[in-house]
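Q: Model the following, please.
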Amino acid sequence: MFITYYLSHGFAIEKTGRYFIYFIGFNFAKLVGILQACHCANTDFYQFQPSIWLSTTLLNVNTIIGYATNEPLINEVDLIYYLAGFALAAHLYFVVCIISQFTRVLKIRVFRVKDKHKPIEASLVSEPNTSSTNDTGNEMA
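A: Numbering: from 1, shown residues only. Sure, this is the predicted structure:
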């Protein structure tokens, strides 16, 4: 990341500082989330996630080529916008996958959506006894 800051001719970090921080933050949040999931699942931590190292490598290589040739392959400002969006999408995908995996393993429901056509009061009222037995447990004729 410091390569982009120091070698960028177009001052891309100054123009897109917030999105650059988003890019770093979402990647770091995903990495910490993976670390926590590995700890909970008692599995080995694999720190080289393709979505993280591919995006950072693309940004750094583009900056180095731009520094060497005075013209980057991709506009650095646009690239930072795209990579921040990609990091957000990758992080959200990770969160959805982790939630679905943990809910399946723990046999729980994380989110519950109520039927909007069924009133809440109707679900609280007990339904009438429709069985063929009376209150004493004897069969009715």
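Q: Pull up the gap between the most centrally placed residue in the chain and residue 7, please.
A: Closest to where the C-alpha atoms of the chain average out (CA atoms, centre = their mean) is residue 92, at 1.9 Å. With the distance defined as CB to CB, to the nearest Å, residue 92 ends up 31 Å from residue 7. C-betas here are computed from N, CA, C, even on glycine.
Q: Same question for residue 103.
A: Distance, residue 103 to residue 7, by CB to CB: 45 Å.
Q: Just give me the neighbour total for residue 73.
A: For residue 73, the count of nearby residues is 13 (other CB atoms under 10 Å).
Q: surely it meets residue 62?
A: Yes: judged on CB atoms under 8 Å, residue 73 makes contact with residue 62 at a distance of 5.5 Å.
Q: packing partners for the helix of greatest length in the chain?
A: Criterion DSSP state H: the longest helix present in the chain is helix 76-106. Contact partners of helix 76-106 among helices and strands, from 3 or more CB pairs under 8 Å, 6 or more residues apart in numbering; DSSP states H and E: helix 12-15, helix 17-41, helix 50-69.
Q: Compare the ones you listed and report which one is nearest to residue 108.
A: helix 17-41 (13.9 Å; CB to CB).
Q: Same list (the helices and strands packed on helix 76-106) but as TSV, adding mean neighbour count, mean pLDDT and distance to residue 96.
A: Below are the helices and strands packed on helix 76-106 laid out as TSV (neighbours: other CB atoms under 10 Å; pLDDT from 0 to 100; distance: least, CB to CB, whole Å):
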stretch	mean neighbour count	mean pLDDT	distance to residue 96
helix 12-15	17	81	31
helix 17-41	16	90	12
helix 50-69	16	89	14
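Q: who's in contact with stretch 91-107?
A: Contacts with stretch 91-107, where a contact means CB atoms under 8 Å, 6 or more residues apart in numbering, come from 26, 27, 29, 30, 33, 34, 37, 40, 108, 109, 110.
Q: The fourth one reaches residue 86, doesn't it?
A: No: with contact defined as CB under 8 Å, residue 30 does not count as touching residue 86 (11.3 Å).
Q: Report the set of residues contacting both of the two.
A: With CB under 8 Å, 6+ apart, residue 30 and residue 86 have common neighbours residue 51.
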